[in-house]
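J.: Need coordinates for the below:
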Amino acid sequence: MSDQEVFKQLSEILRRLHYPHTISANSFKSPNFELVAGILCWMVQRLDRTIPIHETVESEDDRVQFLNSIASEIATRTNVCLDKRNLYAGDDRAVKELVKVASILDEALALAEDEASASSEEEIQPEATLAAAERARALVSEITEICARLSSVMENESEDGKERAKALRFLNSVPGISGDSSQRDNNIESSLTRLLESTNATVESLDKQCKILISNQRGMEEKIRKKTIDLERTSKRLESLKNIRPAYMDEYEKLEEEQQVEHERYVVRLRNVDYLEGELTSFKQAVIERRAKVERSTKRMQKKFREEELTVLKGRDDSMRGNGEDDARETEESFETVDDVIRIDEGNRVTATTTNTTPRGNTSMRSEESQSEPSNGGEHSSDESELTGSLIPDDDSDSDSNF
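T.: Predicted structure coming up:
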């Protein structure tokens, strides 16, 4: 048969079965699993309304479970094997499988109509009908009881099967089991006796272990109780100690306040020391700079004296020698001015610093020696270098103006 003929046959059967929906010719051109599932559910309900149906067909697993349940129920009740792959395809191949179930329903419907027409022709016998109903009711109750007993027996079948297999293995392992009945019974009894003895020994060892564990448990419970009491006592003592003020706290707080005051004093003094050290460093730097200035001015003075000495030693004429006395007097006056400057500067140095300076007597003696020997060039220059060692003028301009 072609696909169109199969589809027409399915449509006619569903029409006779009063299927509520209309099926078009193009319904199975493409896979349509939802329509196949709907037709199967309707036909199974017509077959037996008590059959449980898994109606969810959204996922692949749901569809497989649905087809398995439907196919198993139909095979159980009608002995018709359906191809689940064709049904899962949902196309023309599924139509052939649907026709198998639909034809069975169609035959049942036709048979029911024939029986109904035949029974309508015969006369109704109430007594036979009542007796048949009573027999059917009794059979139903008997069948229910038998099914209940069978179900209760089959519930423990997995455990009972294991026990049967174990018993069979035991019987097969007993030597001499194939002899006469008396010898077989003796062998079984001896084997059971050995098993009972080993089991009793195991039970005794387990009892000893249980007793030891119970004694250990009691000892541990006693230790836990003692530790709990000690913990409670210690906790109470801790709470009491938290509320007690120590005797040394007053002295401690007093010493802490004194320490704070001393720390503030220490910080102030430390700042003063740092400030004074900075000032001392600045003063030392100023002294060094002043000494450098004095050295530079001394060198210029020495250079000037050398030039004057060279001028004197060149052998001027007599007229120039007469004028030399005037120059000597001017030189003595200049040395007196230098002595005054040295005395003023030494006084300033004694006031500003604690360092030792050259005495005034030595300075005056050097000045007198320099005045008594103005014409000696070499000695004059050495005395001037000793004299300028203690000379500390304020700046270069003042030293140049005095000479």
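J.: by contact count, what packs against the longest helix that the chain contains?
T.: Determined from DSSP state H, the single longest helix within the chain is helix 249-313. Judged by 3 or more Cβ pairs under 8 Å, 6 or more residues apart in numbering; DSSP states H and E, helix 249-313 is in contact with helix 318-352, helix 377-388, helix 396-402. Every residue, glycine included, has its C-beta placed from N, CA and C.
J.: Now find how far off-centre that helix is within its chain.
T.: 60 Å (Cα atoms, centre = their mean, to the nearest Å).
J.: Any stretches of the stretch 101-250 of the chain with poor pLDDT?
T.: Applying pLDDT under 70 to the stretch 101-250 of the chain picks out residues 114-128, 170-182, 184.
J.: Do a quick rundown of the helices in it.
T.: Along the stretch 101-250 of the chain, counting by DSSP state H, counting those that start in this stretch, helices occupy 126-155, 157-173, 181-243, 249-313.
J.: can you put the ones you listed in a markdown table and add distance to R93 and mean neighbour count?
T.: Listed next are the helices of the stretch 101-250 of the chain as a markdown table, based on distance: least, Cβ to Cβ, whole Å; neighbours: other Cβ atoms under 10 Å:
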| stretch | distance to R93 | mean neighbour count |
| --- | --- | --- |
| helix 126-155 | 38 | 10 |
| helix 157-173 | 40 | 10 |
| helix 181-243 | 62 | 10 |
| helix 249-313 | 99 | 12 |
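J.: can you redo the ones you listed as JSON lines with distance to R49?
T.: Listed next are those as JSON lines, based on distance: least, Cβ to Cβ, whole Å:
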{"stretch": "helix 126-155", "distance to R49": "17"}
{"stretch": "helix 157-173", "distance to R49": "30"}
{"stretch": "helix 181-243", "distance to R49": "55"}
{"stretch": "helix 249-313", "distance to R49": "92"}
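J.: I'd say L67 and L87 touch.
T.: Yes. L67 is within contact range of L87, at 5.6 Å (criterion: Cβ atoms under 8 Å).
J.: Make sure Q9 is actually in contact with K96.
T.: No. Contact status for Q9 versus K96: not in contact, 9.7 Å apart, counting by Cβ under 8 Å.
J.: Please report the number of neighbouring residues for A37.
T.: By other Cβ atoms under 10 Å, the residues close to A37 number 23.
J.: quick one: average pLDDT of the one helix or strand it maps to?
T.: Using DSSP states H and E, A37 sits within helix 33-47. For helix 33-47, the mean per-residue pLDDT is 84.
J.: So which elements touch the helix or strand following it?
T.: Note on helix 33-47: by DSSP H and E, the next helix or strand toward the C-terminus is helix 60-78. The contact analysis (3+ Cβ pairs under 8 Å, 6+ apart) places helix 60-78 against helix 33-47, helix 84-89, helix 92-121.
J.: Okay, buried residues for helix 60-78 please.
T.: Under the neighbour-count criterion of 16 or more other Cβ atoms under 10 Å, helix 60-78 has R63, F66, L67, I70, A71, E73, I74 buried.
J.: Need the contact partners of it.
T.: Here helix 60-78 makes contact (Cβ atoms under 8 Å, 6 or more residues apart in numbering) with 33, 37, 40-41, 44, 47-48, 51-57, 80-82, 84, 87-88, 101, 104.
J.: Mind checking which of those residues are buried?
T.: Burial by neighbour count, 16+ other Cβ under 10 Å: within the contacts of helix 60-78 this picks out 33, 37, 40-41, 44, 47, 54, 57, 82, 84, 87-88, 101, 104.
J.: Run through the residues that contact Q45.
T.: Q45 touches I51, I53, counting by Cβ under 8 Å, 6+ apart.
J.: Would you quantify the distance from it to E107?
T.: Relative to E107, Q45 is positioned 18 Å away (Cβ to Cβ, to the nearest Å).
J.: about what we covered before: nearest to P20, of the helices and strands packed on helix 60-78?
T.: Smallest distance to P20 across the helices and strands packed on helix 60-78 (Cβ to Cβ): 7.8 Å, for helix 33-47.
J.: Between the buried residues of helix 60-78, which sits nearest K226?
T.: Top of the list for closeness to K226, among these and by Cβ to Cβ, is F66 at 67.9 Å.
J.: How confident was the prediction at that closest one?
T.: 83.
J.: how close does it sit to V57?
T.: 5 Å.
J.: Mind listing the shared neighbours of the two?
T.: Residues touching both F66 and V57 by Cβ under 8 Å, 6+ apart: A37.
J.: per the record, what domains does the chain have?
T.: What the record gives for the chain is the domain set 3-118, 177-244, 276-312+335-402, from automatic domain parsing.
J.: I'd like those written out as CSV, with distance to V140 added.
T.: Formatted as CSV, those follow (distance: least, Cβ to Cβ, whole Å):
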stretch, distance to V140
domain 3-118, 14
domain 177-244, 46
domain 276-312+335-402, 121
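J.: for those, which one sits closest to H263?
T.: For H263, the closest of the domains of the chain is domain 276-312+335-402, at 20.5 Å, according to Cβ to Cβ.
J.: and the closest one, what's its mean pLDDT?
T.: Taken as a whole, domain 276-312+335-402 has a mean pLDDT of 59.
J.: Could you do stretch 72-90 as well?
T.: Rounded to a whole number, the mean pLDDT of stretch 72-90 is 80.
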